[in-house]
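Chemist: give me coordinates for this.
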Amino acid sequence: MDPSGGCPHAANARLLARGAVAPVVLPGEVAGMAVVGHEALREFLSHPDVAKSALHFTALQTGRIPDGWPLKTFATVQGMTTADGADHRRLRSLVSRAFTARRVEELAPRVDRLTSGLLDDLDRAAASGDGVADLRTHFALPLPMGVICELLGVDAEHHDRLHHLSSQIVATDIGPAEALAANREMVDVLGAVVAARVENPGGDLTSALIAAREENGDRLSPHELLGTLMLMIIAGHETTLNLITNAVRALCTHRDQLGLVMSGRASWADVVEETLRWDSPVSYFPFRYPTRDLTLDGTVIPKGTPVLAGYSAAGRDPKAHGSDAHRFDLTRESSPRHLSLGHGAHYCLGAPLARLEATVALKQLFTRFPRLDIAAPDTDLPRHASFVGNSVRRLPVRLRG
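Modeler: Now for the predicted structure:
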């Protein structure tokens with residue numbers, strides 16, 4: 001795996017041509033596997049002999065993974081994404097009340113207002129920048145960050161720092177010293193958030209998690225509280241940030257598809273789902289571990305191997321999505337549902353919120369600026385320095401064509 005990231009689709013196509021499961025070399029020469037085929041990934045994500053706990057990560061348990069390994073946080077952070085069975089159900093139940101369909105529906109007016117205000121900010125930024133503004137900085141980032149931080153009761157003073165630290169934690173080209181420093185600072189910032197909510201509890205999710213810990217001492221440990229907040233901050237804004245960015249890029253480079261939406265022949269929800277399939281905001285997500293030697297699509301994955309879920313590859317698998325899987329097509333009807341938000345017990349808890357935010361964001365953006373276009377060649381847009389996240393780090397746009 002290229003730790004510097006970049007656009008994954010050409011490499012994905014080469015892997016898919018060889019099979020649904022591929023051996024990969026992770027940073028630090030750690031042997032792993034990647035599941036890239038749609039059907040194989042669907043089976044793998046819900047397989048009863050596949051675990052999320054790093055207790056099953058052989059190289060970690062035998063001392064071969066050093067501190068500062070860029071992917072270690074994905075394996076060792078204590079929370080829903082690294083728990084199995086009863087522990088997973090316990091942790092998920094503590095958070096799930098904030099993401100019910102009813103709760104998300106109640107958030108819709110707030111998302112509408114926040115989106116509208118951010119479009120004003122984007123317009124002002126463009127006016128002061130010769131008509132060009134960075135859509136990620138002024139719109140795609142502050143929307144999901146504002147929403148998830150409001151849900152968690154995180155004060156605005158922490159937003160920028162939390163995004164910077166999140167980007168470092170998901171980076172795969174980061175050095176050991178930087179990785180350790182980013183994790184330490186993230187814990188410090190989240191510790192300050194918890195302390196503030198202990199002193200002044202409110203109706204936010206952090207206050208509810210603290211209350212659950214205090215009322216039932218065995219319900220949520222201090223490490224699980226911080227780990228849960230870290231996971232929710234990172235997953236709650238990075239993925240939606242990438243989703244909105246990738247959707248805008250897709251529509252601007254496929255004006256015929258944008259025309260379908262603007263004329264009512266396709267919906268903004270269609271744009272969100274096709275973007276999730278065609279250009280998944282998460283490319284390769286770490287980790288799952290077989291609890292026994294597992295044969296998947298004819299390939300043996302040895303027990304204890306760290307396995308990447310290849311969402312961006314599965315989204316363009318021609319065996320599942322047809323020979324035109326590489327095309328962005330809002331009228332696509334025959335494909336199975338994409339897997340970009342997961343599958344099985346660990347299906348993305350925040351999926352309804354991400355869909356709401358992205359749908360509202362795209363509808364308001366192109367309704368207000370129907371001639372919006374990208375102000376730089378796609379080849380000039382810097383990519384994420386990670387094979388986990390899949391997007392560009394900057395998206396200069398001209399709002400009025």
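
Chemist: okay, which residue is most central for the chain?
Modeler: Thr239 (2.9 Å; C-alpha atoms, centre = their mean).

Chemist: so what's that one closest to, chain neighbours aside?
Modeler: Distance criterion C-beta to C-beta, 6 or more residues apart in numbering; nearest residue to Thr239, sequence neighbours excluded, is Pro281 at 4.7 Å. C-beta here means a position set from N, CA and C on the backbone, and glycine is covered the same way.

Chemist: cool, Val392 as well?
Modeler: Once flanking residues are discounted, Val392 sits nearest to Leu381: 4.1 Å by C-beta to C-beta, 6+ apart.

Chemist: just the pLDDT for that neighbour.
Modeler: We have a pLDDT of 95 for Leu381.

Chemist: related to what we said a few turns ago, tell me the pLDDT of the residue nearest to Thr239.
Modeler: Listed pLDDT for Pro281 reads 97.

Chemist: report how many residues lie close to it.
Modeler: Per other C-beta atoms under 10 Å, the neighbour tally for Pro281 reads 25.

Chemist: likewise Gly259?
Modeler: When neighbours are counted by other C-beta under 10 Å, Gly259 registers 12.

Chemist: extract the C-alpha trace of the host helix or strand of it and format it as CSV.
Modeler: Using DSSP states H and E, the element containing Gly259 is helix 255-262. Extracted in CSV, the C-alpha atoms of helix 255-262 (Å, rounded to 0.1, in the frame of the first residue of the first chain):
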residue,chain,number,x,y,z
ARG,A,255,-22.3,18.3,-16.2
ASP,A,256,-24.8,16.0,-17.9
GLN,A,257,-25.5,14.3,-14.6
LEU,A,258,-25.8,17.6,-12.8
GLY,A,259,-28.4,18.6,-15.5
LEU,A,260,-30.4,15.5,-14.6
VAL,A,261,-30.7,16.7,-11.0
MET,A,262,-31.3,20.3,-11.8
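
Chemist: can you give me the strands in this structure?
Modeler: Counting by DSSP state E, the chain has strands at residues 21-26, 30-35, 50-51, 132-134, 284-290, 294-296, 299-301, 307-310, 373-374, 396-398.

Chemist: now for Pro396: which residues touch it?
Modeler: Taking C-beta atoms under 8 Å, 6 or more residues apart in numbering as the contact definition, Pro396 lies against 132-135, 374-376.

Chemist: how does it look with 7 Å?
Modeler: By C-beta atoms under 7 Å, 6 or more residues apart in numbering, the contact list for Pro396 reads 132, 134, 374-376.
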